[in-house]
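Q: whatever this is, show me its structure:
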Amino acid sequence: MKKIIFVSLLFAVYSISYGQLGVQYDPSVQTTKNLQYFKPKGNLFVGDCIPFSRNGTYYYYWLLDSAHHKSLNGLGGHQWVLSTTTDLINWKQYPIVLGIDEEWEKSICTGSVVFHNNKYYAFYATRLINSEGKVNEQLSYAISDDGVHFEKQKPNPFYTSAPGYSKRDFRDPKVFVDEKTGEFHLFVSSWQENPVLRNAGGCLVHLTSKDLKNWKVLDPILTGQSSVPECPDYFFWKGWYY
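A: Numbering: from 1, shown residues only. This is a model prediction of the structure:
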């Protein structure tokens, strides 16, 4: 019995450190001073960054990249890691907070975080191979009590595609909540299937929901781009929404 317990503990530690893909990430050996130009130790890299702040703490979620997007036959194999700070000088490093847990998950792609009703909501795209053998990007989300320990929600993915938009390029959901109505809004990077100008289909799809189950597709807030717009943001500053 002791041997079984010991082996189980070893496996648990291995799973936390390496994840499904065998990518080693040890937060205890990473820098805790000034993240400017930060690169994880080992043959690892920082992918897209997802900034968030609450109550004086800055949460810096970022994609752990092991091969410059080439992992899993070019599908990425990314996972979310977290660094936090209260002064932008001294940082705390965390293990993977949103990882690849199932074989069908080929990359935990970029997204965004919002705090609502005492919960942290992380929205992201999951890259996968569909039943026809084609690469798709579909929307997923996870919930946390502390912004560190997230639980993926079912169904996963919760949204597969919007009519008239690319299934291959459907990622980087930027979330915000209308606090008056409790309605969730997502701006999703995609490509219009039949744009007005043939080479200018890049757009931001606008999805809304009050229950995170039923979603409504509104008119896109941005169209006419020469490529899929990456990592959109949304914020209010000095009387304007950007």
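
Q: for Tyr59, list each beta-bridge partner.
A: Under DSSP bridges, the beta-bridge partners of Tyr59 are Phe52, Thr84.

Q: same question but for Ser144, I mixed them up
A: Note on Ser144: beta-bridge partners by DSSP bridges are Tyr120, Phe150.

Q: hmm, Phe150 and it touching each other?
A: Yes - assessed by Cβ atoms under 8 Å, Ser144 is found in contact with Phe150 at 4.4 Å. Bear in mind the C-beta positions are built from the backbone N, C-alpha and C, glycine included.

Q: and those two? Which one has more around it.
A: Comparing Ser144 with Phe150 by other Cβ atoms under 10 Å, the one with more neighbours is Phe150, at 22 against 17.

Q: just to revisit the earlier point, overlap in contacts, Ser144 and Phe150.
A: Common neighbours of Ser144 and Phe150 (criterion: Cβ atoms under 8 Å, 6 or more residues apart in numbering): 120, 122.

Q: ok, Asp146 - how many residues close by?
A: By other Cβ under 10 Å, neighbour count at Asp146 equals 8.

Q: same check, this time on Val114
A: Neighbour count for Val114, taken as other Cβ under 10 Å: 17.

Q: which strands and helices sit next to whatever helix or strand it lives in?
A: Using DSSP states H and E, the element containing Val114 is strand 107-116. Applying 3 or more Cβ pairs under 8 Å, 6 or more residues apart in numbering; DSSP states H and E, we find strand 107-116 packed against strand 45-54, strand 57-65, strand 119-129, strand 165-178.

Q: no further queries at this time; thank you.
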